[in-house]
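could you work out the structure for the sequence below:
(one chain, ligands or ions: 1)
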Amino acid sequence: MPYRAPVTDYQFLLRHVAGFDQIAETETFSEASDDVVDAILTEAGKMCEEVMSPLQRPGDLEPARLENGVVRTSPGYSDGWKAISEGGWIGMSGDPEYGGMGLPMTVTTAVNEMMSAACLSLQLAPLMSQGQIEAMEHHASDAIKELFLPKLMSGEWSGTMNLTEPQAGSDVGALSSKAVDNGDGSYAVTGQKIYISWGDNDFASNVCHLVLARLPDGVPGTKGISLFIVPKHLPDDNGEAGVANSLKVVSLEHKMGLHGSPTCVMQFDGAKGWLVGKEHGGMAAMFTMMNNARLGVGGQGVGVAEGAYQHALAYALERKQGKTPSGTIVDHADVRRMLMSMKADVFASRAILLNCAAAIDMQTATDDAEWAARAAFLTPIAKAFGTETGMRVAETGVQVHGGMGFIEETGAAQFYRDVRVTAIYEGTNGIQAMDLVARKMMDGGEAAAKLLDEIEDHAERARATVPELAGPVWEATETLREATEWLVAQGDLNDRFAGAVPYLQAFARVLGGHYHLVAALADPGGPREKLARFYINALLPEHTGLLAQAQNGSADVYGLTIDELVA
Ligand SMILES: Cc1cc2nc3c(=O)[nH]c(=O)nc-3n(C[C@H](O)[C@H](O)[C@H](O)COP(=O)(O)OP(=O)(O)OC[C@H]3O[C@@H](n4cnc5c(N)ncnc54)[C@H](O)[C@@H]3O)c2cc1C
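Just a heads-up that it's a prediction; the model follows:
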């Protein structure tokens with residue numbers, strides 16, 4: 001079934017659940033009126049349906065390949081990139097001074113999610129550019145910004161992110177790439193990077209790599225890392241892509257999915273680059289890019305979930321098995337359970353994603369520390385729950401198809417294979433959960449408590465209209481509060497880490513209940529209230545088991561010795 005962009009869903013969420021009015025009232029985003037946002041969503045949705053969605057299967061069947069050191073992209077991807085670039089979708093939230101549209105991250109997040117649903121492999125390319133743009137806007141010198149940003153935003157050039165090395169994955173501080181000062185304002189970067197998404201392509205005239213490397217006086221660990229912009233072609237006197245730099249793609253990885261996205265091993269041999277941010281300040285600059293990318297990857301998960309849901313629903317509406325009122329499997333209770341779970345979780349994860357983006361926008365517009373804390377707290381949840389939803393919904397989508405789900409030509413399996421990596425890259429979901437229970441609780445749990453207060457206040461007010469929905473949300477929030485207090489009280493971080501993943505999942509479940517409740521109040525007796533009823537009755541109760549795991553401490557997980565694990 002062709003993809004249908006869920007524009008009306010975004011319009012509803014922005015207006016009723018993500019508090020977009022508040023964003024549009026700020027001076028920074030005063031131009032993002034309802035009309036403008038509606039037009040943008042509609043236009044982007046059309047591009048996703050008509051241009052990107054038809055590229056999903058060709059990318060899987062004819063992966064990107066390496067030919068004489070140059071990446072040749074999947075059929076149609078070049079036209080897809082052109083449409084994304086010409087639509088202005090890369091620089092949506094970019095600084096207008098350099099050719100961006102200056103739109104709120106909330107709108108960019110919605111558009112990115114639609115692009116992910118339509119064709120995840122291709123969407124990863126503009127996502128990498130967007131992260132690079134944001135890191136440079138915040139940390140690069142004016143000269144670097146003027147040289148690179150307009151071309152990155154227009155799509156003439158593309159961007160990548162080079163952190164990972166064979167011995168430095170989650171532990172980025174273990175990297176060994178080196179940089180030395182050339183004495184002319186530039187640096188020579190040497191080292192090997194692995195798993196670099198879109199490390200090369202045949203549609204942009206230059207590929208700009210943001211590379212983490214260590215200067216000779218850089219201390220070991222993350223504190224000694226610096227960030228460099230290293231282009232494939234050195235800009236000439238006119239700022240155009242000139243002579244080739246000393247870097248190359250060594251090979252492409254063979255992956256379980258995401259075949260249209262070339263995942264490159266990159267070799268830098270004294271490649272010329274320029275510092276972004278301060279010497280040894282690379283991690284701070286990279287964090288800007290990573291936070292952007294974490295939200296973006298959460299959106300990838302939600303997008304794939306939407307695509308997989310639409311695909312499974314279309315199949316269920318056609319497949320005839322057994323006697324049912326409609327004659328198709330859509331009426332079987334278990335198939336309905338699957339479809340309702342998929343739809344309800346797409347809504348919950350999308351609402352979390354957009355509320356996280358909205359907090360980032362409010363932070364940008366107001367510089368308020370509370371918005372910053374809210375954005376920081378929601379980011380790991382949006383990333384991990386968005387991608388878990390992508391995996392769970394895509395996996396359920398395979399099940400809805402029965403045997404045909406296991407047969408590649410239906411496309412149901414591709415959603416699952418493609419989305420699997422989203423729980424791994426940009427910080428594995430385990431690392432996200434650890435970030436939530438450690439760094440994001442260094443305030444003693446204050447950011448969490450404020451959010452829980454708001455949810456309880458809302459549920460308290462909602463009791464007057466829908467007590468049967470508001471009650472369970474209030475009670476779940478109270479249980480989550482107790483678990484949060486337990487976590488904060490654990491002096492040994494390992495006791496928090498052992499239950500970090502179930503804690504994050506439970507937090508997301510409760511947030512999902514809250515946003516469903518908000519939606520139910522905006523649509524009394526309508527489909528959104530019915531969907532909320534299903535979520536709150538059937539899915540929200542999962543939080544109880546998850547929170548029991550979250551508070552179990554670390555003793556049991558280390559119960560078996562390594563020898564006993566092996567035996
Ligand atoms: C398709 C693809 C595209 C990618 N694109 C890029 C890219 O564009 N740029 C880039 O720089 N990288 C990229 N990556 C790399 C990706 O970010 C890493 O794979 C990821 O960070 C995990 O690192 P790792 O693979 O070394 O796993 P490891 O770090 O070895 O992790 C293995 C397991 O151990 C766990 N673990 C590790 N450390 C800890 C810890 N301290 N506490 C608890 N658990 C821990 C992890 O959660 C995981 O479950 C990509 C990877 C893939 C597969």
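
please identify the helix or strand for L149.
Assigned by DSSP states H and E, L149 belongs to helix 142-154.

mind checking if the next helix or strand after that helix is in reach of the ligand?
Sequence order places strand 157-162 as the next helix or strand after helix 142-154, per DSSP H and E. Yes: for strand 157-162, a contact with the ligand is found by Cβ under 6 Å from any ligand atom, at 161-162. All C-beta atoms are positioned from the backbone trio N, CA, C, and that covers glycine.

what comes up buried for the very next helix or strand once past strand 157-162?
Counting by DSSP H and E, the next helix or strand C-terminal to strand 157-162 is strand 178-181. Buried residues in strand 178-181, defined by neighbour count with 16 or more other Cβ atoms under 10 Å: 178-179.

elements contacting strand 178-181?
In terms of contacts (3 or more Cβ pairs under 8 Å, 6 or more residues apart in numbering; DSSP states H and E), strand 178-181 is packed against strand 187-197, strand 206-214.

from the chain's centroid, how far away is the last one?
With Cα atoms, centre = their mean, to the nearest Å as the basis, strand 206-214 stands 21 Å off its chain's centre.

direction included, what does the strand ranked longest in the chain pair against?
Criterion DSSP state E: the longest strand present in the chain is strand 263-276. The strands beside strand 263-276 in its sheet (DSSP bridges) come out as strand 187-197 (antiparallel), strand 225-231 (antiparallel), strand 247-252 (antiparallel).

tell me the angle of the longest one relative to strand 206-214?
The one in question is strand 187-197. Interaxial angle of strand 187-197 relative to strand 206-214 (axes from the mean of the first three to the mean of the last three Cα atoms, to 10 degrees): 110 degrees.

the longest strand of the chain and the ligand, are they touching?
Yes: Strand 263-276 is in contact with the ligand by Cβ under 6 Å from any ligand atom, via T263.

returning to what we had before: for the helix holding L149, packing partners?
So helix 142-154, by 3+ Cβ pairs under 8 Å, 6+ apart, packs with helix 120-139, strand 157-162, strand 206-214, strand 225-231.

and of these, who's closest to G427?
Between G427 and the helices and strands packed on helix 142-154, the shortest separation by Cβ to Cβ is 12.1 Å, and it involves strand 157-162.

quick one: average pLDDT of the closest one?
Averaging pLDDT along strand 157-162 gives 97.

now stretch 204-219
98.

before we move on, what about stretch 490-502?
97.

and it, anywhere near the ligand?
No: judged by Cβ under 6 Å from any ligand atom, stretch 490-502 and the ligand are separated, with a smallest distance of 6.8 Å.

phi, psi for the residue of the chain most remote from its centre please.
For the chain, the residue at maximal distance from the C-alpha centroid (Cα atoms, centre = their mean) is K323, at 41.5 Å. Main-chain torsions, K323, degrees, to the nearest 10: phi -90, psi 120.

state the distance from it to the ligand.
Going from K323 to the ligand by Cβ to the nearest ligand atom, to the nearest Å gives 45 Å.

separation between E31 and the ligand?
On the measure of Cβ to the nearest ligand atom, E31 and the ligand end up 32 Å apart.

apart from its chain neighbours, what residue comes closest to that residue?
Leaving aside its chain neighbours, E31 sits nearest to G102 (7.5 Å; criterion: Cβ to Cβ, 6 or more residues apart in numbering).

test my guess that that neighbour contacts G88.
No: using Cβ atoms under 8 Å, G102 is not in contact with G88; the gap is 11.1 Å.

okay, those two: which has more neighbours?
G88 (19 against 15; other Cβ atoms under 10 Å).

got phi/psi on the more buried one?
phi 80, psi 20.

tell me the contacts of the closest residue to M153 other than its chain neighbours?
Excluding its sequence neighbours, the residue lying closest to M153 (Cβ to Cβ, 6+ apart) is G91, at 3.0 Å. Going by Cβ atoms under 8 Å, 6 or more residues apart in numbering, G91 touches 98-101, 133, 152-154.

which bits of the protein sit near the ligand?
By Cβ under 6 Å from any ligand atom, the residues of the chain that approach the ligand are 161-164, 169-170, 195-197, 255, 258, 263, 421, 424-425, 428, 430-431, 434.

out of those, which are buried?
When those are checked for burial by 16+ other Cβ under 10 Å, the buried set is 161-164, 169, 195-197, 255, 258, 263, 421, 424-425, 428, 430-431, 434.

got the strands paired with strand 263-276 as a markdown table, with mean pLDDT columns?
Output for the strands paired with strand 263-276, formatted as a markdown table (pLDDT from 0 to 100):
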| stretch | mean pLDDT |
| --- | --- |
| strand 187-197 | 98 |
| strand 225-231 | 97 |
| strand 247-252 | 98 |
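
pick the most buried one from those.
strand 225-231 (a mean of 26; mean count of other Cβ atoms under 10 Å).
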